[in-house]
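[1] using only what follows, build the 3D model:
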Amino acid sequence: MKRIVGIQFCGGCNPRINREKIAYEVRDKLREQGYEIVWNRKDCDFVVFISGCTVSCAEQQSCSKPSVRVAAATVDFKEEREDKIAVEILMKVASYFGQLEKPLC
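    Residues are numbered from 1 along each chain as shown. Alright, predicted model coming up:
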């Protein structure tokens, strides 16, 4: 079964983190594990919302999918160092999908 992860961005008007770097790091690690990555689409199994600031515009669109929310330097409302955000996202994805063949981080 193909596992599809969507990465959804905010508009980027006030970024306090490097959204692109985080997204590409997450994309690359997930692809290594056989996940399919889609950008700004809702036809996926899990959504990674990446917003550059705490307004969290990326998440303001209605979505009933399981997800993780990045808003500036927070992951699901927990403060995180910017260089650890991708690892936290990967752990959330791994937790949702269960056992993986290889560790993501």
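[2] not counting sequence-adjacent ones, nearest residue to the most centrally placed residue in the chain?
    With distances taken as CA atoms, centre = their mean, the chain has residue 48 as the residue nearest its mean C-alpha position (2.9 Å). Of all residues not flanking residue 48 in the chain, residue 7 sits nearest, at 4.8 Å (CB to CB, 6 or more residues apart in numbering). Any C-beta I mention is one placed from the backbone N, CA and C, and that applies to glycine too.
[3] for my notes, confirm that neighbour occurs in a strand.
    Yes. Residue 7: assigned to a strand according to DSSP: H, G, I helix; E, B strand; the rest coil.
[4] beta partners for it?
    Note on residue 7: beta-bridge partners residue 39, residue 48, judged by DSSP bridges.
[5] contact partners for it?
    23, 26, 27, 37, 38, 39, 40, 47, 48, 50 (CB atoms under 8 Å, 6 or more residues apart in numbering).
[6] can you add pLDDT and distance to residue 70 and give those back as TSV?
    Converted to TSV, the contacts of residue 7 look like this (pLDDT from 0 to 100; distance: CB to CB, whole Å):
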residue	pLDDT	distance to residue 70
23	97	9
26	98	10
27	98	14
37	97	15
38	97	17
39	95	15
40	89	15
47	94	11
48	96	7
50	96	5
